[in-house]
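# Model the following, please.
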Amino acid sequence: MSNKNNIPVLAVTMGDPAGIGPEIAAKTFANTDVYSICKPVLIGNRQIMAKAIKLVGVDLKINSIKDIAEAKFEPGTMDLYHLEAEHVADIKFGVVSAVAGDLAFRAVKKAIDLALTKEVDGTVTGPIHKGAINAAGHHFSGHTEIYAHYTNTAKYAMLLAEEDLRVIHVSTHVSLREACDRVKKDRITEVIQLLDDSLKKLGITQPKIGVAGLNPHSSDNGLFGWEEKEEIEPALEYAKSIGIDAVGPVPPDTLFAMAKGGKFDGCVAMYHDQGHIPFKVVGFNWDKEKNVMKSVKGVNITLGLPIIRTSVDHGTAFEVAGKGVASPDALHLAIEYATKLYQSET
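All right, here's what the predicted structure looks like:
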């Protein structure tokens with residue numbers, strides 16, 4: 001789309017209606033600061049969102065649309081691309097259901113379609129429940145795989161970002177045993193290049209990248225494994241040969257602390273939990289007295305796609321859904337990152 005002030009139109013999905021997605025969307029759209037950086041449109045169901053708005057107690061009107069051209073983009077009004085759904089009243093907070101999963105999935109699919117046809121400039125996703133979307137017959141392991149499938153993207157990766165900690169993954173939603181098998185030179189090289197490119201788009205002109213080892217102590221010269229020498233080091237050598245400032249393999253138990261302190265602009269994790277655990281220790285803050293997460297920050301960006309996709313890096317939080325206490329911080333940050341990525345491309 002053409003935007004006079006370089007402000008993107010962003011499709012924001014509501015997430016699983018049985019989780020916290022609708023309520024954090026309501027809080028985010030009620031924040032007038034959002035409208036200073038983008039033109040947001042929520043993709044979801046009117047009945048669900050009216051309930052969420054009432055739940056969190058914000059002063060927000062709904063403008064139901066069936067075409068992006070009908071959006072008003074006015075603070076105080078949520079432009080809602082309405083998706084019809086049967087049995088919406090049967091959805092219960094904290095309960096996995098095919099009805100909720102189907103609605104959440106169709107919101108994501110609609111956002112992708114709108115971006116591919118250039119009706120919006122980028123997409124931002126709320127949390128979905130993998131069990132629910134699979135119960136609805138949509139057999140994907142997560143958002144990343146949905147986006148890759150419907151954009152026909154073969155080379156992609158997940159990047160997590162929170163302040164100075166930015167982590168990309170060689171593999172994500174596979175078993176730990178399979179993740180070890182996926183530690184291969186070509187894939188590692190691919191994600192190093194994706195990370196270098198994305199960091200430059202985010203304004204870091206000369207990124208310094210730290211690459212984790214797979215094994216304890218990065219194998220200690222082969223004492224605890226062979227992947228570092230046979231797969232990771234050759235990938236690093238190639239990355240350096242094409243001008244990327246990549247260092248490693250760095251022992252995983254020290255890499256992320258160094259990155260948090262500013263030594264690296266980005267990190268390459270070899271598998272899902274190796275990257276997610278340190279990232280969430282930084283971005284998630286538990287309130288012991290109230291027994292809830294008082295702050296949940298962090299953005300998930302899918303790299304390699306032909307469209308922009310950012311997301312919250314937290315789940316549906318069924319345990320607190322419907323209580324109105326969920327933090328919208330991560331969704332707001334995801335919108336900020338989508339805006340930065342759009343502006344870097346225009």
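
# For the stretch 1-150 of the chain, which segments count as helices?
For the stretch 1-150 of the chain, helices defined by DSSP state H, counting those that start in this stretch occupy the ranges 21-29, 46-56, 98-116, 130-135, 143-150.

# who's in contact with the second one?
Right, helix 46-56. Contacts with helix 46-56, where a contact means CB atoms under 8 Å, 6 or more residues apart in numbering, come from 14, 17, 22-23, 25-27, 30, 42, 60, 62, 64, 78, 80, 82, 88-89, 91, 103, 322, 324. Heads up, the C-betas are built off the backbone N, CA and C, glycines and all.

# Now do the buried residues in it.
Of all the residues in helix 46-56, those buried under the rule 16 or more other CB atoms under 10 Å are Arg46, Ile48, Met49, Ala50, Lys51, Ala52, Ile53, Leu55, Val56.

# Go through the residues you listed and name the one nearest Lys184.
Ile48 (42.6 Å; CB to CB).

# ok, now how distant is that closest one from Ala321?
Ile48 sits 12 Å away from Ala321, going by CB to CB, to the nearest Å.

# now swap in Asn6 and tell me
Asn6 sits 36 Å away from Ala321, going by CB to CB.

# Look at these two and report which has more neighbours.
Ala321 (23 against 10; other CB atoms under 10 Å).

# Kindly indicate whether that one is helix, strand or coil.
coil (DSSP: H, G, I helix; E, B strand; the rest coil).

# Could you verify my assumption that Ser141 touches Lys130?
Yes: between Ser141 and Lys130 there is a contact under CB atoms under 8 Å: 6.2 Å.

# who touches both of the two?
Counting by CB under 8 Å, 6+ apart, Ser141 and Lys130 have no contacts in common.

# neighbour-wise, which of the two wins?
For Ser141 versus Lys130, the count of surrounding residues by other CB under 10 Å is larger for Lys130: 19 against 13.

# picking that back up, of all the buried residues of helix 46-56, which comes closest to Glu145?
Set against Glu145, the nearest of the buried residues of helix 46-56 by CB to CB is Ile48 (24.3 Å).

# Any regions of the stretch 151-300 of the chain where pLDDT drops low?
Judged by pLDDT under 70, the stretch 151-300 of the chain has its weakly predicted residues at 292-296.

# re the thing from before, which one of the helices of the stretch 1-150 of the chain lies nearest to Gln193?
helix 143-150 (17.1 Å).

# Tell me what angle the helix or strand following that closest one forms with helix 143-150.
Per DSSP states H and E, the first helix or strand lying C-terminal to helix 143-150 is strand 157-162. Calculated by axes from the mean of the first three to the mean of the last three CA atoms, to 10 degrees, strand 157-162 forms an angle of 140 degrees with helix 143-150.

# CA atoms only for strand 157-162 - export them in PDB, please.
Extracted C-alpha coordinates of strand 157-162, given in PDB (Å, rounded to 0.1, in the frame of the first residue of the first chain):
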ATOM      1  CA  ALA A 157      13.600 -18.800  10.600                       C
ATOM      2  CA  MET A 158      12.200 -17.600  13.900                       C
ATOM      3  CA  LEU A 159      13.900 -14.500  15.500                       C
ATOM      4  CA  LEU A 160      13.100 -13.400  19.000                       C
ATOM      5  CA  ALA A 161      13.800  -9.800  20.000                       C
ATOM      6  CA  GLU A 162      13.800  -8.000  23.400                       C
END
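
# chain center to that strand, what's the gap?
7 Å (CA atoms, centre = their mean, to the nearest Å).

# Likewise for stretch 130-144?
16 Å.

# just stretch 181-201 next, same as before
Put simply, stretch 181-201 sits 17 Å off its chain's centre (CA atoms, centre = their mean).

# what do you get for stretch 224-244?
The answer for stretch 224-244 is 27 Å, by CA atoms, centre = their mean.

# Same check on stretch 129-146?
Centre-to-centre, stretch 129-146 and its host chain are 15 Å apart (CA atoms, centre = their mean).

# got the end-to-end distance for that stretch?
This stretch, stretch 129-146, spans 13 Å end to end (CA to CA, to the nearest Å).

# again, but for stretch 119-129
End residues of stretch 119-129 are separated by 27 Å (CA to CA).

# Stretch 156-172 now?
Using CA to CA, the end-to-end distance of stretch 156-172 comes to 11 Å.

# And stretch 24-44, by the same measure?
The straight-line separation of the ends of stretch 24-44 (CA to CA) is 13 Å.
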